[in-house]
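Undergrad: Pasting the sequence and the predicted model now:
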Amino acid sequence: MAVEIFYDADADLGIVQGRKVAVIGYGSQGHAHALSLRDSGVDVRVGLPEGSKSRAKAEEEGLKVLTPAEAAAEADLIMILAPDTKQREIYANDIAPNLKQGDALFFGHGFNIRYGLIQPPADVDVAMVAPKGPGHLVRRQFVDGKGVPCLIAVEQDASGNAQALALSYAAAIGGARAGVIKTTFKEETETDLFGEQAVLCGGASALVQTGFEVLVEAGYQPEIAYFEVLHELKLIVDLMWEGGIAGQRYSISDTAEYGDLSRGPRVIDAHVKESMRKILAEVQDGTFAKEWVAEDEAGRPNFTKLQAEGNAHQIEEVGKKLRALMSWTSK
Ligand SMILES: NC(=O)C1=CN([C@@H]2O[C@H](COP(=O)(O)OP(=O)(O)OC[C@H]3O[C@@H](n4cnc5c(N)ncnc54)[C@H](OP(=O)(O)O)[C@@H]3O)[C@@H](O)[C@H]2O)C=CC1
Ligand SMILES: CC[C@](O)(C(C)=O)C(=O)O
Ligand SMILES: [Mg+2]
Ligand SMILES: [Mg+2]
């Protein structure tokens, strides 16, 4: 399938400016979408439960805050940016009873549609605008006049105009400044889950922790290990981001480049590739989704345990101390 990629010139901002948008949730993505939509001239309200800690933050920004049900009732475009595991319940209790013919139901990630947890009625548009980056950077880039690339997908085109609406929404949050690629809910969900598990979050975190452990266990100073495998990783990835892997190799020494070319494949070897294939298969056949939904329903015992172990890793203590000494990184 040839890629279809859209930019600002292809998008009609007026389409989303003509809608009443409800952003359900005000976390990482929710705050970025709500604020950037507002700044793009869109009529936006935020849907949050009465007890939500984020209500005050949204109100401080001058946003209209309603309950999720009130926001859904008032709007004709509802973007669900609550946690994936909570969306099914929010949809059933707050959104479905307030959906009207001609409304549009939007997602920032395809999990609940791909795995059949939400089944919208046939008379609404169902589409996705999925930024390929963390919400806080989606907002920061928008404010800086830049944008994070987005994926758009249409699951259900009741109006005949769902793709143009999704592209218009993506432009309003800055995505079309960087590029908006057309995909499907299936492709976005499977690639996003694979990417965050095997490479971006799971793979990268485990690589850094393991490299740190190898150096510290061999008797090197933890502070030097931290700079070597975590701090400098960002600088190396920045070069990859700017010029690809080849661009990164241009800036490093020949010694590093030979080590990269000859040793990298020994770390990320055929065994790792096979593990990645298994992780992808678990995403594709629904094993991961089933496990995650059950884990959440059980009160997240394994998630909490693993999270606590990660937070207690020595690299966190060392990193906190070193980052506090860098004026530009300390908060
Ligand atoms: N994090 C990211 O950068 C990315 C996320 N996505 C997708 O975006 C969606 C949102 O994820 P993310 O931004 O990380 O979520 P967060 O956990 O950061 O924020 C979730 C928000 O939903 C609110 N919330 C919780 N329960 C309810 C409820 N019952 N009704 C209404 N709001 C509720 C939370 O309230 P409170 O503030 O009170 O906790 C919070 O504001 C997911 O589909 C995710 O996969 C896609 C791309 C990247
Ligand atoms: C990489 C993690 C992500 O998919 C993202 C920021 O894009 C997420 O779900 O948070
Ligand atoms: Mg992602
Ligand atoms: Mg994701």
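TA: Great, that's in hand. Ligands and ions are numbered 1, 2, ... in the order given.
Undergrad: neighbours of the residue in the stretch 201-331 of the chain that ligand 2 sits nearest to, just the number please.
TA: Distances from the stretch 201-331 of the chain to ligand 2, computed as C-beta to the nearest ligand atom, single out C201 as the nearest residue at 5.4 Å. Quick note: C-beta positions are derived from backbone N, CA and C, even for glycine. Using other C-beta atoms under 10 Å, C201 has 11 neighbouring residues.
Undergrad: what do you get for M276?
TA: A total of 16 residues lie near M276 under the criterion other C-beta under 10 Å.
Undergrad: before we move on, which element is it in?
TA: When secondary structure is defined by DSSP states H and E, M276 falls within helix 270-284.
Undergrad: before we move on, what about M128?
TA: In this assignment (DSSP H and E), M128 forms part of strand 125-131.
Undergrad: what residues does the following helix or strand past that strand touch?
TA: Once strand 125-131 ends, the next helix or strand along the chain (criterion: DSSP H and E) is helix 135-143. Where contact means C-beta atoms under 8 Å, 6 or more residues apart in numbering, the residues beyond helix 135-143 that reach it are 27-33, 35-36, 39, 131, 133, 147-148, 173-174, 178.
Undergrad: Domain ranges for this protein, per the record?
TA: Here the domain parsing of the chain from automatic domain parsing is 5-183, 195-324.
Undergrad: what about the shortest one and ligand 1, touching?
TA: So that's domain 195-324. No - interface with ligand 1: domain 195-324 contributes nothing (C-beta under 6 Å from any ligand atom), its closest point being 8.7 Å away.
Undergrad: ends of that domain, how far apart?
TA: From the first residue to the last, domain 195-324 extends over 30 Å; the measure is C-alpha to C-alpha, to the nearest Å.
Undergrad: And the average pLDDT for that domain is what?
TA: With pLDDT averaged residue by residue, domain 195-324 scores 98.
Undergrad: if we can go back for a sec, briefly note if the strand holding M128 comes near ligand 1.
TA: Yes - using C-beta under 6 Å from any ligand atom, strand 125-131 comes into contact with ligand 1 via 130-131.
Undergrad: near ligand 2 at all, that strand?
TA: No - on the criterion C-beta under 6 Å from any ligand atom, strand 125-131 is out of touch with ligand 2, staying 7.0 Å away.
Undergrad: what's that strand packed up against?
TA: For strand 125-131, the contact count by 3 or more C-beta pairs under 8 Å, 6 or more residues apart in numbering; DSSP states H and E identifies strand 104-107, strand 150-156, helix 162-172, helix 185-194 as packing neighbours.
Undergrad: Direction included, what does that strand pair up with?
TA: Strand partners for strand 125-131, identified by DSSP bridges, are recorded as strand 104-107 (parallel), strand 150-156 (antiparallel).
Undergrad: Can I get it in PDB, CA atoms only?
TA: Provided in PDB are the C-alpha atoms of strand 125-131 (Å, rounded to 0.1, in the frame of the first residue of the first chain):
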ATOM      1  CA  ASP A 125     -18.200   8.600  12.400                       C
ATOM      2  CA  VAL A 126     -15.500   6.600  14.100                       C
ATOM      3  CA  ALA A 127     -12.000   7.900  13.500                       C
ATOM      4  CA  MET A 128      -8.600   8.300  15.000                       C
ATOM      5  CA  VAL A 129      -6.000  11.000  15.400                       C
ATOM      6  CA  ALA A 130      -2.900   9.400  17.000                       C
ATOM      7  CA  PRO A 131       0.100  11.600  17.600                       C
END
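Undergrad: tell me the angle that strand makes with helix 162-172.
TA: Relative orientation of strand 125-131 and helix 162-172, computed by axes from the mean of the first three to the mean of the last three C-alpha atoms, to 10 degrees: 30 degrees.
Undergrad: what does strand 125-131 contact?
TA: Judged by C-beta under 8 Å, 6+ apart, the contacts made with strand 125-131 from elsewhere in the structure are 29, 32, 79, 103-110, 113, 120, 138, 148-159, 161-163, 165-166, 169-170, 173, 175, 185, 188, 192.
Undergrad: got it, and stretch 176-184?
TA: Looking at stretch 176-184 with C-beta under 8 Å, 6+ apart, the contacting residues turn out to be 3-8, 10-11, 141, 145-153, 155, 163, 167, 170-171.
Undergrad: Would you agree V46 falls within a strand?
TA: Yes - remark: V46 belongs to a strand, assigned using DSSP: H, G, I helix; E, B strand; the rest coil.
Undergrad: any idea how far it lies from K53?
TA: Here the distance between V46 and K53 works out to 13 Å (C-beta to C-beta, to the nearest Å).
Undergrad: Tell me which of those two has more neighbours.
TA: Neighbours per residue, other C-beta under 10 Å: of V46 and K53, the larger number sits with V46, 30 against 8.
Undergrad: and the longest helix along the chain, which residues are buried?
TA: In the chain, assigned by DSSP state H, the helix with the most residues is helix 232-251. Neighbour counts using 16 or more other C-beta atoms under 10 Å place 239, 248-249 of helix 232-251 among the buried residues.
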